[in-house]
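[1] have a look; sequence and predicted model below, questions after that.
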Amino acid sequence: MSEEPTEPLSRLELVYTPLGDYLRRVDPAEDAVLSFGEVEALIGRPLPAQARSKPEWWESMPRQPQSRAWLRADRRAIADLSAETVTFVWEVFVRNNPIERIQTIRSYWLGYARTCLTNPPTDAHDFHVELGWWEPHQTYLLHLPRLHKFKVGLARIGSKRIAAVGGASASVVDRMTLANRWAALVIEHHVLELAWDAWEQPDRFASGDKGETERWNDWLVPPPLSTILDSLDDDTSLPGWGVSVYRSPA
């Protein structure tokens, strides 16, 4: 299952790419035992101090850039800090991210959003108000030409979220300003409902912080967001649909 990434590697992950390349050449039936010095020789630089003092640095967690280097090579690291060695054993990392699970999560979010819109806050001390979630948000559609995908998402007005998730090559196809995060989430949900047939499994090491589960193949072109909005009479009639409540000044 060892594979090349479908997304660009981060700068930190690129540092450890030579280690992953080496591990791919090792027979899967064999453990790869390396001294810390040998790892340093492979990557062409000293390991950070944490690698010699903190065992969690070697934990096989996809959110860690160094871990993804060996996870992509279908290996799990077992470090011996006292001996300054690490053993990479064969193990295929699989993320539990099937479309059915994503759809279930999204349905739960939709239900929660509708509950919030049914019971809008009465003052600025509401927990969600303090998070800024009752302030205006945008639902946006991006085209990611390099990946041949569309993406839907939401962001607070004035945030840099769209640029962060889309990258330099992305283009904004459409965007709509809603009174609050819950209304924006309802629009986002209904866009995804139309896109599931073209949905593609994210990279198994995707962290999720770039909305990888809200993307689909661009053979399916989404309708304008205004068309989605016009179809949501039941949602737009909820008491909180047009409500914005701002956080109290610090």
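    On my side now, so go ahead. In this text the structure is predicted, and so the values were computed from the model without any measurement.

[2] what packs against the lowest-mean-pLDDT helix or strand in the chain?
    Within the chain, no helix or strand scores below helix 161-166, which has a mean of 78 by mean pLDDT, DSSP states H and E. Here helix 161-166 touches strand 137-144, strand 149-156, going by 3 or more Cβ pairs under 8 Å, 6 or more residues apart in numbering; DSSP states H and E. The way it works is simple: take the backbone N, C-alpha and C, and place the C-beta from them, glycine included.

[3] and the residue of the chain most remote from its centre, what is it in contact with?
    Distance to the chain centre peaks in the chain at residue 83, reaching 36.3 Å (criterion: Cα atoms, centre = their mean). Residues counted as contacts of residue 83 (Cβ atoms under 8 Å, 6 or more residues apart in numbering): none.

[4] which strand or helix spans it?
    Under the criterion of DSSP states H and E, residue 83 resides outside all helices and strands.

[5] going forward, begin numbering at 670 instead of 1
    Noted, 670 is the first residue going forward, which turns the last one into residue 752.

[6] next, it: phi, psi?
    phi -90, psi -10 (degrees, to the nearest 10).

[7] dump the helices and strands packed on helix 830-835 to TSV, plus distance to residue 693, mean neighbour count and mean pLDDT.
    Listed next are the helices and strands packed on helix 830-835 as TSV, based on distance: least, Cβ to Cβ, whole Å; neighbours: other Cβ atoms under 10 Å; pLDDT from 0 to 100:
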stretch	distance to residue 693	mean neighbour count	mean pLDDT
strand 806-813	28	22	96
strand 818-825	27	22	94
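
[8] dump those strands into TSV; add distance to residue 843 as well.
    Output for these, formatted as TSV (distance: least, Cβ to Cβ, whole Å):
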stretch	distance to residue 843
strand 806-813	4
strand 818-825	9
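
[9] and the residue farthest from the centre of the chain, how far from residue 714?
    Note on residue 752: its distance to residue 714, by Cβ to Cβ, to the nearest Å, is 21 Å.

[10] same deal with residue 786?
    52 Å.

[11] so which of these two has more stuff around it?
    residue 786 (23 against 10; other Cβ atoms under 10 Å).

[12] the more buried one contacts residue 910, doesn't it?
    Yes - counting by Cβ atoms under 8 Å, residue 786 touches residue 910, with 5.8 Å between them.

[13] any residues in contact with both of these two?
    852, 904.

[14] centre of the chain to the helix or strand harbouring residue 739, how far?
    Using DSSP H and E, residue 739 sits in helix 734-740. Distance of helix 734-740 from its chain centroid, counting by Cα atoms, centre = their mean, to the nearest Å, is 17 Å.

[15] and after it, which helix or strand comes next?
    strand 744-749.

[16] just give the nearest non-adjacent residue to residue 797, would you?
    residue 803 (5.9 Å; Cβ to Cβ, 6 or more residues apart in numbering).
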